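> Generate a structure from the sequence data that follows.
(one chain, ligands or ions: 1)
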Amino acid sequence: MPNTIFQDCEETQICNGSILIEGMRFPAHLYAPKTIHSALAYNARADDIFIVTMPRSGTTWMQTIVYALLNNGQGFDENLDDFIARNPFLEMHGSNVVEAMPRPGAIKTHLVFEHIPYHPNAKYICVVRNPKDVCVSFFRFIISLSPEAAKNSSFDCLFEQFLAGQTGHADYFDYLFSCWEHRDDPNVLFVLYEDMKANIRSSIIRVAQFLNIDLNKKLLERTVLVTQFDYLKQNRFNERIIDSEPSTTIEFVRKGIVGDWRTVLSDEQSRRLDAHFYEKTRDIPGLNTLWHGYNVFNSCT
Ligand code: A3P
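As a prediction, this is how the structure comes out:
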């Protein structure tokens, strides 16, 4: 096969810079096959809280919210080492780190729901975001990784990969469908990034109820304060968190708005993504109207 290098590693294939495991593709410069396998084999515990997302959907924001709620309103910056220790990244850090994490804490994962270690009493917070903003945010993230990545990446190319479900990790719709399928499970909380933007207080209340946290007004307001975009930016979240992940330029906190896709997608790309979304979701009532009210799918509403 031209331009393709296959390299067997136990049950793992590495192809064009991606580690292929269980239908997911992990960027080989960020992940190690052994660690991914250990993550998949992790024995979930009853007191686990998982934050489940496709990258660029609001993972970091949800991590800071859960951390503040579990720690009496503490911001990530008040004890950075503690924040990092209580927020392990399952497939990047592996099962040993998760087993040894201080609790309570929350486990970040970009595994697709059916591959996430399961325990009936563990809690799973799924955050989903509209595909247009995810696609654009993903592109910004990739070009922030290195000057070389910036030079060699084009949005048009990334857009085609996104439509084909071939960007890193998994197809956007694998995340969306699998989280949607579990949205009514008692141990699953299904959250929209756009709803968090529209009403952060009611989103925090939902998270607190789900985690059985006694939320008074003071804790609510403190959580709003230490997790809002400006707070994270002003306290240099991106720069201070990088020690825990193998890149020096990741923009976890970048622009933080709904509709940034308008500045990047052409009209044609927007229409194609509209059509793709409706094609994929048209037989799934509720899912096909999930972003109604957020002015995302212009041409099909
Ligand atoms: P943008 O790139 O559109 O700005 P993840 O943490 O899953 O990688 O998601 C990153 C996205 O969430 C980025 O989107 C980032 O700016 C946004 N984000 C992070 N913290 C946020 C906050 N407190 N409020 C709103 N958006 C936030």
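> what's the spacing between stretch 194-203 and its chain's center?
Here stretch 194-203 is found 17 Å from its chain centre; the criterion is CA atoms, centre = their mean, to the nearest Å.
> contact partners of it?
58, 61, 65, 127, 129-130, 191, 220, 224, 227-228, 256-258, 291, 294 (CB atoms under 8 Å, 6 or more residues apart in numbering). C-beta coordinates here come from the backbone N, C-alpha and C atoms, glycine included.
> Enumerate the residues of this protein near the ligand.
Where the chain comes near the ligand, counting by CB under 6 Å from any ligand atom, the residues are 53, 55-61, 133, 137, 140, 227-229, 232, 252-256, 260.
> could you redo the last one with a cut-off of 5 Å?
56-61, 137, 229, 253-256 (CB under 5 Å from any ligand atom).
> what about the residue nearest to Gln228 when sequence neighbours are not counted, distance to Phe297?
Counting by CB to CB, 6 or more residues apart in numbering, Gln228 lies nearest to Ile200, which is 7.3 Å off, once chain neighbours are set aside. Counting by CB to CB, to the nearest Å, the separation of Ile200 from Phe297 is 24 Å.
> What is the neighbour count of Gly259?
15 (other CB atoms under 10 Å).
> And stretch 218-237, what's buried?
Neighbour counts over stretch 218-237 (16 or more other CB atoms under 10 Å) mark 219-220, 222-224, 226-227, 229, 231-232, 235, 237 as buried.
> could I get that stretch in CSV with only the CA atoms?
Extracted C-alpha coordinates of stretch 218-237, given in CSV (Å, rounded to 0.1, in the frame of the first residue of the first chain):
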residue,chain,number,x,y,z
LYS,A,218,-21.1,29.8,47.9
LEU,A,219,-19.7,26.6,46.4
LEU,A,220,-21.7,27.2,43.2
GLU,A,221,-20.4,30.8,42.8
ARG,A,222,-16.9,29.8,43.6
THR,A,223,-17.1,27.0,41.1
VAL,A,224,-18.4,29.4,38.4
LEU,A,225,-15.5,31.8,39.2
VAL,A,226,-12.6,29.4,39.2
THR,A,227,-13.7,27.5,36.0
GLN,A,228,-14.7,30.4,33.8
PHE,A,229,-12.7,31.0,30.6
ASP,A,230,-11.1,34.2,31.8
TYR,A,231,-10.0,32.7,35.0
LEU,A,232,-8.3,29.8,33.3
LYS,A,233,-6.7,32.1,30.8
GLN,A,234,-5.6,34.7,33.3
ASN,A,235,-4.1,32.0,35.5
ARG,A,236,-2.2,30.6,32.5
PHE,A,237,-3.8,27.2,32.5
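> The contacts of stretch 194-203 in helices, which ones?
Mapping the contacts of stretch 194-203 onto helices (DSSP state H) picks out 61, 65, 220, 224, 227.
> Test my guess that the second one contacts Ala208.
When you say that, I think you mean Ile65. No. Ile65 is not in contact with Ala208 according to CB atoms under 8 Å; the separation is 9.0 Å.
> So for those two, which sits in the more crowded spot?
Ile65 (26 against 20).
> Identify the spatial nearest neighbour of the more buried one, chain neighbours not counted.
Ile65's closest residue in space is Thr227 (CB to CB, 6+ apart), at 4.9 Å.
> Which pLDDT value does the model give the one you found?
With respect to pLDDT, Thr227 has a value of 98.
> give the contact list for it.
Thr227 neighbours (CB under 8 Å, 6+ apart): 61, 64-65, 68, 75, 200, 204.
> how about 6 Å then?
By CB atoms under 6 Å, 6 or more residues apart in numbering, the contact set of Thr227 is 64-65, 68.
> elements contacting the helix or strand where Lys132 lies?
Using DSSP states H and E, Lys132 sits in helix 131-145. Where contact means 3 or more CB pairs under 6 Å, 6 or more residues apart in numbering; DSSP states H and E, helix 131-145 is packed against helix 147-152, helix 155-163.
> same thing but at 10 Å, please
helix 147-152, helix 155-163, helix 172-181, helix 193-198, helix 267-281 (3 or more CB pairs under 10 Å, 6 or more residues apart in numbering; DSSP states H and E).
> List just the nearest of the contacts of stretch 194-203 to Glu148.
Glu148 lies nearest to Gly256 out of the contacts of stretch 194-203, by CB to CB, at 26.4 Å.
> thinking again about what came up before, show the buried residues in the residues of the chain next to the ligand.
Here, 16+ other CB under 10 Å leaves 56-61, 137, 229, 253-254, 256 buried among these.
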